[in-house]
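Engineer: got a predicted structure plus its sequence, pasted below:
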Amino acid sequence: MQLPRNVIAGPGAIDSVGGICQSMRLKGRSLIVTGKNTKKIAGDIAAESLRASGYDVDFVIVENATIDNVDNAKAVAKEVNADFLVGVGGGKSIDIAKLASTQLDTHFLSLPTAASHDGIASSRASIIKNGETVSIQAEAPLCVIADTSIIMKSPYRLLAAGCGDIISNYTAVKDWRLASKLRNVYISEYAIALSEMTAQMVLESASLIKPGLEESVRLVVKALVSSSVAMSIAGSSAPASGSEHKFSHVLDRIAPKPALHGEQCGVGTIMMMYLHDGDWQSIRDALKKIGAPTTAKDLGIDDEYIIRALTEAHNVRPERYTILGDTGITYEAAVNVALATKVIS
Ligand SMILES: NC(=O)C1=CN([C@@H]2O[C@H](COP(=O)(O)OP(=O)(O)OC[C@H]3O[C@@H](n4cnc5c(N)ncnc54)[C@H](OP(=O)(O)O)[C@@H]3O)[C@@H](O)[C@H]2O)C=CC1
Ligand SMILES: O=C(CO)COP(=O)(O)O
Ligand SMILES: [Zn+2]
C-alpha cells in the first residue's frame, strides 16, 4: 500500500516547498515537470522556494500524458542529474512526473494546481500508450503540497471536473462489485468504503460547492486525496475507475475536442448508473448543482461521439469487467441510454 508521507494543504503552501524538501532530507537537484500555463502559475514559485533552500532547479514542459513524454522527462532528468522530481500542474504533469520518477527509482512530489482529478496522491499513473489510456502502477508521491490559494484561483471548471471524477466512484465501485460476483475479482472493502464515502461526501455537499469559496476547495481537495488513497489501498484504479472511465478514455481518443477528464467521467457516471439501474437522477442533479456538465452539449461534444464512445467503451482495458460486459452495448441501446438520461436530446 503506497501512500504519501505528507499531505500539506492550505493557502500559500507552495512557498514552503523548499523547506518541506529539506525537512524530508531531500538533497541536490530537482526537476520540475509542469505545463506551459502552470509553469507561470506555480512552477516558477516552486522553483524560487527550492532555490532559496539551496536546491538546483531545472524544468521540463509537458502536454499530453503519453509514454513518449514520460521517456522525455526521464531523459531530461538524467541529463541534469536530477535527484528528485516535482510534478506541478494538472493530472497530466503529475502523472508524467509520477511514472518518470518511479522508473528512475527516485522520489517525486505532487503539487496540484487544480482540484480537477483524483490522481494527486495516488500510486497510479494514467498514461497514453499506442493511443489508449493505460493505468500503470507507480509510486505514490513522497509528499502532496496543495496550495489552496492557487487552486482557488484556477478556473472553477477544473474544480467542477474534480467533483465529476470523485462522483464517478459510485459506478466504479458498482462495476468492481459486479466483477467480483461474476468473475471472482479481488475487491478491497476498505478501498470501497473510502471510495464510496468520498463520492457521497461530494454528492451531499453539492450545494456548498461554489466558485470562489475556500471551503469548497478544501472539501474537494480532501475528497481527491481520499479517492487517491482508495486507489493506493486497492493497488489499482478500480475503486475510482469503471465503465464511466472507459467511456471517457474512448472520448479522449475519438472526440475532435475532448472535454476535461472529470467532466467526461461525470457524464459517463450518469449513464452507467442508469445501466446499473441506480439513482442516476441524483448523480445528474448533484453535477448540475455543482455546475459540472451533464449533457453532450455541456461537454461540447457531438451526440455521435457520445454514442460511439458508449458502444466502444467495453474494448478499453477488457480485463476490467464492468456493467458493459465483454461485448458492450449495442448502438440502439446506447441511443436509448443517452436519451433516457438526457445526455443527448
Ligand atoms: N493517476 C491517477 O490516479 C489519475 C490520473 N488522471 C489523469 O489526469 C488527467 C486529467 O487531469 P486534468 O487536471 O483534468 O488535466 P490536465 O492536466 O490536462 O489539466 C487541464 C488544463 O488545466 C490547466 N491548469 C491546471 N491548473 C491550472 C490553474 N491553476 N490555472 C489555470 N489552468 C490550470 C492545465 O494547464 P497546463 O496546460 O499548463 O498543464 C491544462 O491546460 C488525465 O490524463 C487523467 O487520465 C485522472 C485521475 C486519476
Ligand atoms: O482517472 C482515474 C481515477 O479517477 C484513473 O483511472 P484509469 O486507471 O482509468 O486511468
Ligand atoms: Zn478519473
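Structural biologist: Structure's in. What do you need? Ligands and ions are numbered 1, 2, ... in the order given.

Engineer: local confidence estimate at residue 132?
Structural biologist: For residue 132, the pLDDT comes out at 87.

Engineer: that one: how many residues sit nearby?
Structural biologist: Neighbour count for residue 132, taken as other C-beta atoms under 10 Å: 14. Glycine gets a C-beta too; all of them are placed from N, C-alpha and C.

Engineer: give the contact list for residue 244.
Structural biologist: Neighbour list for residue 244: 168, 171-172, 265, 268-269, 271-272 [criterion: C-beta atoms under 8 Å, 6 or more residues apart in numbering].

Engineer: ugh, wrong one, I meant residue 327
Structural biologist: Residue 327 makes contact with residue 314 under the criterion C-beta under 8 Å, 6+ apart.

Engineer: ok, it to ligand 1 distance?
Structural biologist: In this view, residue 327 and ligand 1 are 25 Å apart by C-beta to the nearest ligand atom, to the nearest Å.

Engineer: would you quantify the distance from residue 158 to residue 123?
Structural biologist: Between residue 158 and residue 123 the computed distance is 23 Å (C-beta to C-beta, to the nearest Å).

Engineer: and the two? Which one has more around it.
Structural biologist: When neighbours are counted by other C-beta under 10 Å, residue 158 and residue 123 differ, and residue 123 comes out ahead with 26 against 20.

Engineer: right, and that one touches residue 135 too?
Structural biologist: No - counting by C-beta atoms under 8 Å, residue 123 stays clear of residue 135, with 10.6 Å between them.

Engineer: rewinding a little: and the contacts of residue 244, which two are the farthest apart?
Structural biologist: Spanning the widest gap among the contacts of residue 244 are 172 and 271, at 13.6 Å by C-beta to C-beta.

Engineer: between those two, which one's more packed in?
Structural biologist: Neighbour count, other C-beta under 10 Å: between residue 172 and residue 271, residue 172 has more, with 31 against 27.

Engineer: quick one: contacts for that one?
Structural biologist: Residue 172 touches 195, 238-242, 244-245, counting by C-beta under 8 Å, 6+ apart.

Engineer: once you drop chain neighbours, what's closest to it?
Structural biologist: Nearest residue to residue 172, sequence neighbours excluded (C-beta to C-beta, 6 or more residues apart in numbering): residue 242, at 3.7 Å.

Engineer: to what extent is that neighbour buried, counted in neighbours?
Structural biologist: Residue 242 has 33 neighbours, counted by other C-beta under 10 Å.

Engineer: which residues are in contact with it?
Structural biologist: 168, 171-176, 272, 320, 322-323.

Engineer: same check on residue 174?
Structural biologist: 242, 272-273, 276, 278, 323.

Engineer: how far away is it from residue 290?
Structural biologist: 21 Å.

Engineer: mind listing the strands for this protein?
Structural biologist: Along the chain, counting by DSSP state E, strands occupy 6-10, 29-34, 56-61, 84-89, 107-112, 124-129, 132-137, 143-147.

Engineer: can you pull the residues of the chain lying near ligand 1?
Structural biologist: 35-38, 41, 65, 89-93, 95, 113-114, 116-119, 122, 124-126, 133, 150, 154-155, 158, 161, 165, 231, 237, 260-262 (C-beta under 6 Å from any ligand atom).
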